[in-house]
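J.: based on what follows, work out the 3D shape:
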Amino acid sequence: MTALLEWRNVPNILTIGRIVLVCPVVMSIYFEHFRQALVLFLVAGISDGIDGYLARRFNWKSRFGSIADPLADKLLLVSSYLAITLADLVECWLALIVLGRDVVILVGAIVYHFWIGRYQIIPSILGKFCTLCQMIYVLIVVMYAARWPMPEVAVHYGQWLVVIVTLVSGLSYVWVWGRKAMAAGSGA
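T.: Have a look, this model is predicted:
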């Protein structure tokens, strides 16, 4: 138990905390407790930034963290997009685009791993920006639903920003990893 409480494990503990927050965030959105959802999602989003900062700043990186952190992000985001869709806050096609990108990346990673070689999970700058845009958009939508001061135009144009960044980021992953797969397949 004492090994878990070492400072170097703080990023992993924050990641686990973010995973634990997924269900309360989703349930809060679904049952239209938007202020509660906003606070919980904000805590989860801030924990993502803090765990990444600590891991990089103090070199508290781990294999667990390199896998669990991006999975925690995806779990939080995909679940939140499904929740805001089920709560009729956004159109279904937006959640499908967010989910579709992640499915394509996941399937590509699995195929790469089994046919080419080990897949190292290294999010690109564009991928990180995509995650940030998607998180901010969930906050915007939930703030708007909670009747906090949020112009409707932010909801509208934020949606299109998420669509563009999500599609470009997804295509970027396909392009980069497709080229790596072709290079590995040709022996180059």
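J.: what residue ranges in this protein are flagged as low confidence?
T.: Scanning the chain for pLDDT under 70 picks out 1-5, 121, 186-188.
J.: longest helix in it, by residue count?
T.: Criterion DSSP state H: the longest helix present in the chain is helix 152-185.
J.: show me what it is packed up against.
T.: helix 92-115, helix 125-145 (3 or more CB pairs under 8 Å, 6 or more residues apart in numbering; DSSP states H and E). Every C-beta, even on glycine, is put in place using the N, C-alpha and C of the backbone.
J.: list the buried residues in that helix.
T.: Under the neighbour-count criterion of 16 or more other CB atoms under 10 Å, helix 152-185 has 154-155, 158-159, 162-163, 165-166, 169-170, 173, 177, 181 buried.
J.: go on, stretch 38-52?
T.: For stretch 38-52, burial by neighbour count (16+ other CB under 10 Å) applies to L38, V39, L40, F41, L42, A44, G45, S47, D48, D51, G52.
J.: for the nearest residue to R101 once chain neighbours are set aside, give its distance to I105.
T.: Nearest non-adjacent residue to R101, counting by CB to CB, 6 or more residues apart in numbering: G170, 3.8 Å away. With distances taken as CB to CB, to the nearest Å, G170 is found 7 Å from I105.
J.: repeat that for D88.
T.: Distance, D88 to I105, using CB to CB: 28 Å.
J.: out of the helices and strands packed on helix 152-185, nearest to P11?
T.: Across the helices and strands packed on helix 152-185, P11 has its closest neighbour in helix 125-145 (15.7 Å, CB to CB).
J.: export that closest one as CSV, just CAs?
T.: Taking Å, rounded to 0.1, in the frame of the first residue of the first chain, the C-alpha atoms of helix 125-145 are listed here in CSV:
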residue,chain,number,x,y,z
ILE,A,125,0.0,17.6,-30.8
LEU,A,126,-3.1,17.6,-33.1
GLY,A,127,-4.6,14.7,-31.1
LYS,A,128,-4.0,16.6,-27.8
PHE,A,129,-5.6,19.7,-29.4
CYS,A,130,-8.5,17.6,-30.5
THR,A,131,-9.0,16.3,-26.9
LEU,A,132,-8.8,19.8,-25.6
CYS,A,133,-11.4,21.1,-28.1
GLN,A,134,-13.7,18.2,-27.4
MET,A,135,-13.4,18.8,-23.6
ILE,A,136,-14.0,22.5,-23.9
TYR,A,137,-17.1,21.9,-26.1
VAL,A,138,-18.6,19.5,-23.5
LEU,A,139,-18.1,22.3,-20.9
ILE,A,140,-19.7,24.9,-23.3
VAL,A,141,-22.7,22.6,-23.9
VAL,A,142,-23.2,21.8,-20.3
MET,A,143,-22.8,25.4,-19.2
TYR,A,144,-25.4,26.4,-21.8
ALA,A,145,-27.8,23.7,-20.6
